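K.L.:
prediction below, plus the sequence it came from.
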Amino acid sequence: MASNGVQGDFSVANVLAAMSTMRATDSGKKQAAMDFLGKFQKSKDAWTTTISILQTSTEPEAQLFAATTLKGKITYDLATQISDSDLPGLRSQILVLLKKFAPGPKPVRIQLCVCLAILAIQMQTWKDVLPTVVASLGNDITSHACILDFLRVLPEEVTEGRKITLSEEDLQQRTSELLADNAEQVVQLLIDYSQSSPAAATNPQLFECITSWLREVPVSVIVNSSLLTSVMNGLADDKSLQAAAECLGVMCRETKDVDESVDTIQVLLPRVLELRPRIRALVEEEDTDGFKAITRVFADAGDSWTLAVAREPQHFRPLVDALLECCALDKERDVIQYTFTFWYELKQYLTLGHYMEARVQLVDVFAQLVTILLRHLEYPESDNPNQLDLFDGDREQEEKFREFRHYMGDTLKDACEVMGVAECLTLVLNSIKAWHQKYGSQATDTAVPHWQSLEAPLFAMRAMGRMVDKEESIVLPQIMPLLVQMPVNNEKLRFAAIMVFGRYTEWTAAHPESLEPQFSYIIASFQTESQEVLRAAAQAFKYFCVDCKDLLGPQVGQLQVFYDQILDKLPEASREEITEGVATVVGAQKAEDVYRLLKVYCDPLVQRLMVKANNATDDKAKLDLADHINLLTHFAQQVIPYVPVGAANPAVKYWEEVFPILSTILGNFIDFVPICERVCRCWRFMVISYRTAMTPLLAPLANNLAEGFAKSKQGCFLWATSAILREFSEDREHVEDGIAENIYIFFEAQATNMLRMMSDLPPIDLPDVIEDFYRLLIDALLYYPHKLIPSPLFTPIFQAAISALTLEKQEPVSAALHYLRDLLTYGGPNPAGSGDQQANAQLREVVRQLLVTHGEALVKQTMAGMMITFPRDCFADGSAVVLSMFELLPTQTTTWVERTIQMLPAGTIAPAEANRLLVKIREKLQSPDSSGLRGLRSLLQDFTNTYRRRYVAPRDGLGELEAARFHFTG
């Protein structure tokens, strides 16, 4: 195997010195120390050095580092660096260290418990784990803490056993030996311990231990033992409340299958309900942590027993009422979020016809819940009615509150589904009326008293917007007239009203009589100084234009005057929104009016564009110019008139006038990437919107894209090229003779330029362009397979894709892998693109010949990526590529995988492990059905994931796994 790494002097003194250097301020020395410690942790010397540090050092930081390093060694290096005969000695050393650190420090003790647990999993000859540990640690009080820690971590480490290099069969057997076979003994140990002293009975470690073993021990065993009483007693003790509450919550979660757990639930329900008096007591004591813990117990019970609640609403009503009480008493909004899942799950059942009776019985609960939520939605009160900063400048707290309101809005929607829209809206209407009756007469032009209680129902109404049918005619006609009278001098109220109007535009479109006052309120809001209100008004304006475009058609001229006047006063995002809005209205007009309206709306934009282009001398001005191009793009996206086949498209007629201006701007700013991107985006949407009607612009467009890519080397030109490739492919309707052929020639020119770039520069210098290139190639392969696959460019494109796999950035690697996956389908019976059987057979032969010649490089680089360099999101595509290679060339691919593994750095994989993998690969390939290939995927993913966790990418390169540099001579 290839050699990798430099051996250092990893003595105790040097390791401690490196740790000391990590606390220094010199970044160069810190980096050198970090590199040294990283190499140390992978070295064989680390075994003796870490144990020496644990035996001699008195520094807690050094002890913890040594214990953590030892844990990593046992997890990843035990099989490759420690012989079977040395395992008992290692076990004895860890047990001695555990005895030493039983009194603490606790972090070191826990790490050593984890070390012992991981060793127990891998040391398959060690059959009497529990008796050995208990006997070795003794029976004093400090040892009890150590034993409880070990018992707690053992199930956790076993269930995380995929980190460990045991086969699935061995791991399954070891799991049974360590957990299932010991479950009864552990329960008895815990019972004995809980009864040994009053302190033991409420020890948080006891409850943490029970929680951990609830994964392995049937919950009924715990519930029907004295341990349940211990847990309930722990809930009454402040020091153990958190651990006991978590334990009881896990018991409830383990009874989620209510049909299997009927008897256990009947025992648990009254014990949980015993806690209800503590809700109010903890609130009155202002014990926030205790209140959270108790609420989570009720929430866990509710989440787990939702089906039972729907079946027996009367029997479980006290549990529902307890959850409602938690919500009602939550003055600081600390715990209500724990109940959201319960209300959602209960809604899911109650809205089914089968549970209509339960819905009737519980509808009042949801009405109370809405009332509680409306109160929680209110902003904090202030003595000054004009104060809008209610969080004392704490922007993080304000943002949390806003985010939290949206979660409450989701629960409001749940209540709306159970109660019915009209009933829910009525509660909102009543809240608005209540404010008017109580405070309306006190409102002035300068102050709105208690505006918080008026704003909250507006937010609730906005949250429920999706639930309200556009035909609703009972409550909304009463609410909307109240909203257009909303005080405009309070920024929060005005913002809330605008957001409601924007949310209900579909309803407004169905009730045209309400459009004028709402739209006038929105238009008037553009005169405010508040940026937040301006942004809300622009967003609402867009929605009105989109949903009420037919109603606004007669006002298309007035809209242009308003648009032209307001555009320059808005922030960039709002400009885009109102532009999208007016463009949608223009797009809804008759085809014969489109050219005139585009000139009316877009000519002023083009005039602004030319002025900005002439004045763009710095980056800020250039960015402003780039953003302005986007406004034209919205018209290209939205204004798509219907014209008969063969007739001239009036929109394209207008864009022919604008095209030379965009082309000139592109040429003048070819070195400024944002402008290149915006122009290409605009042209791309023109092609997508007008498709073959863009034929008159096709030649100058292709020339601009080819010249622009050659000069700028930016991927946006390839992005626009892909749209042309798709819309003018041979299988599209109404494509003129010869155009598809010319388009493919244009594509080959772009591809040749790209291959030259990849030959001149390493992939790391071209990540974004590589992504766009392979996204373009995916389209080329789909629409022109019979031209691309036999092409002389096909092989260099494949080789370039392999070199792209060396990148460590997700997007370009994913694009290259997607292209390779599609390409490999042409080597089999089900190609990604359609075609006649004879043509497909010819393509299949070309692809197979390519793989026979260059497949080893593909397998090597994909495996290296999965083991070392690929971003995590690329694993699935990588394994799919290797799997396809096994499908197409099973014998050769097996050989190539074997050679790749032999190239791994020396000492990083044991020969036995490599042989085991190859044997299993051959076994899976001999399976007569598809299960073999599925098993092969799991096998490869497990192997590469394990290797990746064990070894980081070497700093001095990948050695023999390094990809060959791509060269192109075309």
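P.N.:
Happy to help now that I have it.
K.L.:
give the closest residue to the most centrally placed residue in the chain in space, chain neighbours not counted.
P.N.:
By Cα atoms, centre = their mean, the chain has its centre lying nearest to residue 873, at 10.9 Å. Among residues not flanking residue 873 along the chain, residue 810 sits closest, at 5.1 Å (Cβ to Cβ, 6 or more residues apart in numbering). (C-beta placed from N, C-alpha, C; glycine too.)
K.L.:
from what I can see the one you found touches residue 874, true?
P.N.:
Yes: the criterion here is Cβ atoms under 8 Å, and residue 810 meets it with residue 874 at 6.1 Å.
K.L.:
which one of the two is surrounded by more residues?
P.N.:
Neighbours were counted for residue 810 and for residue 874 using other Cβ atoms under 10 Å; residue 874 has more, 24 against 15.
K.L.:
list the buried residues for the helix or strand hosting residue 821?
P.N.:
Here residue 821 sits within helix 810-825, counting by DSSP states H and E. Neighbour-count burial for helix 810-825 flags 811-825 (criterion: 16 or more other Cβ atoms under 10 Å).
K.L.:
how about the CA coordinates for stretch 374-385, as CSV?
P.N.:
What follows is stretch 374-385, C-alpha atoms only, in CSV (Å, rounded to 0.1, in the frame of the first residue of the first chain):
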residue,chain,number,x,y,z
LEU,A,374,-54.0,35.6,20.3
ARG,A,375,-52.8,36.7,23.7
HIS,A,376,-49.3,35.2,23.1
LEU,A,377,-49.1,36.8,19.7
GLU,A,378,-49.1,40.3,21.2
TYR,A,379,-46.0,42.4,21.3
PRO,A,380,-44.8,43.3,24.8
GLU,A,381,-46.7,46.2,26.4
SER,A,382,-45.1,49.6,26.9
ASP,A,383,-46.0,52.7,29.0
ASN,A,384,-45.4,54.8,25.9
PRO,A,385,-48.0,54.0,23.2
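K.L.:
contacts for it, please.
P.N.:
327, 330, 333, 336, 390-391, 401, 405, 408, 427-428, 431, 447-453, 455-457, 459-460, 492 (Cβ atoms under 8 Å, 6 or more residues apart in numbering).
K.L.:
and it, what's its mean pLDDT?
P.N.:
Averaged over stretch 374-385, pLDDT sits at 82.
K.L.:
check stretch 849-869 too.
P.N.:
93.
K.L.:
state the distance from residue 657 to residue 688.
P.N.:
Separation of residue 657 from residue 688 (Cβ to Cβ, to the nearest Å): 20 Å.
K.L.:
try residue 21
P.N.:
Residue 21 is 58 Å from residue 688, by Cβ to Cβ.
K.L.:
and what of residue 558?
P.N.:
Distance from residue 558 to residue 688, by Cβ to Cβ: 30 Å.
K.L.:
looking at those two, which is more packed in?
P.N.:
For residue 558 versus residue 688, neighbours defined as other Cβ under 10 Å are more numerous around residue 688 (16 against 11).
K.L.:
ok, residue 438 - contacts?
P.N.:
Contacts of residue 438 by Cβ under 8 Å, 6+ apart are residue 450.
K.L.:
so it versus residue 449, what's the distance?
P.N.:
Distance from residue 438 to residue 449, by Cβ to Cβ: 9 Å.
K.L.:
mind listing what the residue nearest to residue 873 touches?
P.N.:
871, 873, 874.
K.L.:
low-confidence ranges, this structure, go.
P.N.:
Along the chain, segments meeting pLDDT under 70 span 1-8, 161-168, 383-390, 393, 730-735, 737, 835, 907, 930-932, 949-960.
K.L.:
before we move on, back to that, next secondary structure after the helix holding residue 821?
P.N.:
helix 837-864.
K.L.:
what's that following helix packed up against?
P.N.:
Applying 3 or more Cβ pairs under 8 Å, 6 or more residues apart in numbering; DSSP states H and E, one finds that helix 837-864 contacts helix 785-788, helix 794-804, helix 810-825, helix 875-888, helix 890-902.
K.L.:
do you know which of these lies nearest residue 675?
P.N.:
helix 810-825 (22.1 Å; Cβ to Cβ).
K.L.:
could I have the closest one exported to PDB, CA atoms only?
P.N.:
Presented in PDB, the C-alpha positions along helix 810-825 are these (Å, rounded to 0.1, in the frame of the first residue of the first chain):
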ATOM      1  CA  GLN A 810     -20.600  20.300  -3.600                       C
ATOM      2  CA  GLU A 811     -22.200  22.100  -6.600                       C
ATOM      3  CA  PRO A 812     -19.500  21.300  -9.300                       C
ATOM      4  CA  VAL A 813     -19.000  17.800  -8.100                       C
ATOM      5  CA  SER A 814     -22.700  17.100  -8.100                       C
ATOM      6  CA  ALA A 815     -23.000  18.400 -11.600                       C
ATOM      7  CA  ALA A 816     -20.200  16.200 -12.900                       C
ATOM      8  CA  LEU A 817     -21.600  13.200 -11.100                       C
ATOM      9  CA  HIS A 818     -25.100  13.800 -12.500                       C
ATOM     10  CA  TYR A 819     -23.600  14.000 -16.000                       C
ATOM     11  CA  LEU A 820     -21.700  10.800 -15.400                       C
ATOM     12  CA  ARG A 821     -24.800   9.000 -14.100                       C
ATOM     13  CA  ASP A 822     -26.800  10.000 -17.200                       C
ATOM     14  CA  LEU A 823     -23.900   9.100 -19.500                       C
ATOM     15  CA  LEU A 824     -23.700   5.600 -17.900                       C
ATOM     16  CA  THR A 825     -27.300   4.900 -18.700                       C
END
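K.L.:
what's the angle from it to helix 837-864?
P.N.:
Interaxial angle of helix 810-825 relative to helix 837-864 (axes from the mean of the first three to the mean of the last three Cα atoms, to 10 degrees): 140 degrees.
K.L.:
and of the helices and strands packed on helix 837-864, who's closest to residue 30?
P.N.:
helix 810-825 (28.8 Å).
K.L.:
quick one: that closest one to helix 875-888, angle?
P.N.:
Here helix 810-825 points in a direction 20 degrees away from that of helix 875-888 (the same axes, to 10 degrees).
K.L.:
what inclination does helix 810-825 have with respect to helix 794-804?
P.N.:
Going by the same axes, to 10 degrees, helix 810-825 makes 140 degrees with helix 794-804.
K.L.:
all numbers from here: first residue = 889
P.N.:
Okay, residue one is now 889; in that scheme the one you just asked about reads as helix 1698-1713.
K.L.:
from the chain's centroid, how far away is helix 1698-1713?
P.N.:
Its chain's C-alpha centre and that of helix 1698-1713 lie 21 Å apart, by Cα atoms, centre = their mean, to the nearest Å.
K.L.:
what does stretch 1806-1816 give?
P.N.:
Worked out by Cα atoms, centre = their mean, stretch 1806-1816 lies 35 Å from the chain centre.
K.L.:
show me what contacts the closest residue in space to residue 1551 that isn't next to it in sequence?
P.N.:
Sequence neighbours aside, residue 1592 is the residue nearest to residue 1551 in space, at 5.5 Å (criterion: Cβ to Cβ, 6+ apart). Counting by Cβ under 8 Å, 6+ apart, residue 1592 touches 1551, 1554, 1571.
K.L.:
ok, now residue 1758?
P.N.:
So residue 1758 contacts 1693, 1696, 1701, 1766 (Cβ under 8 Å, 6+ apart).
K.L.:
filter the residues you listed to the buried ones?
P.N.:
1693, 1701, 1766.
K.L.:
apart from its chain neighbours, what residue comes closest to the first one?
P.N.:
Computed as Cβ to Cβ, 6+ apart, the closest residue to residue 1693 that is not its neighbour in sequence is residue 1749, at 4.6 Å.
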